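Engineer: For reference, the sequence and a predicted model appear below.
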Amino acid sequence: MRVIAELPHPECKITLFNMNQKYIVKFEQGTLEQSYKLSELDLSGGGANEIFQMLDEAFIATVVERFKTMRTDFSAAYNRQQY
């Protein structure tokens, strides 16, 4: 897996990877991460720039909200196991 680019954002780290004719977009916030895979064949040839155009603020806002949900879900599962 090779790092293609990083997109600066104040709420999460966004990294674009390339591996086996797929692009992987990884969002990280603390100990949590989300990843999205795109086949090179699904794109029109714009590479990293085309992918970064897809990552608009509306999409990133849903990713950040999902991080909040993930953190809540994980905390609840962890707390259920505590005595």
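Structural biologist: The structure has been received and is ready for your questions.
Engineer: What are the boundaries of the strands in the chain?
Structural biologist: Secondary structure of the chain (DSSP state E): strands at 2-7, 13-19, 22-29, 32-39.
Engineer: OK, contacts around C12?
Structural biologist: Residues in contact with C12 (Cβ atoms under 8 Å, 6 or more residues apart in numbering) are 27-29, 60, 63-64, 67. All C-beta spots, glycine's among them, are computed from the backbone N, C-alpha and C.
Engineer: The helix or strand of the chain with the lowest mean pLDDT to strand 2-7, inter-axis angle?
Structural biologist: In the chain, the helix or strand scored least confidently by mean pLDDT, DSSP states H and E is helix 47-54, which has a mean of 88. For helix 47-54 against strand 2-7, the angle by axes from the mean of the first three to the mean of the last three Cα atoms, to 10 degrees is 40 degrees.
Engineer: which helices and strands does helix 47-54 pack with?
Structural biologist: strand 2-7, strand 13-19, strand 22-29 (3 or more Cβ pairs under 8 Å, 6 or more residues apart in numbering; DSSP states H and E).
Engineer: hey, which of those strands is tucked in deepest?
Structural biologist: strand 22-29 (a mean of 18; mean count of other Cβ atoms under 10 Å).
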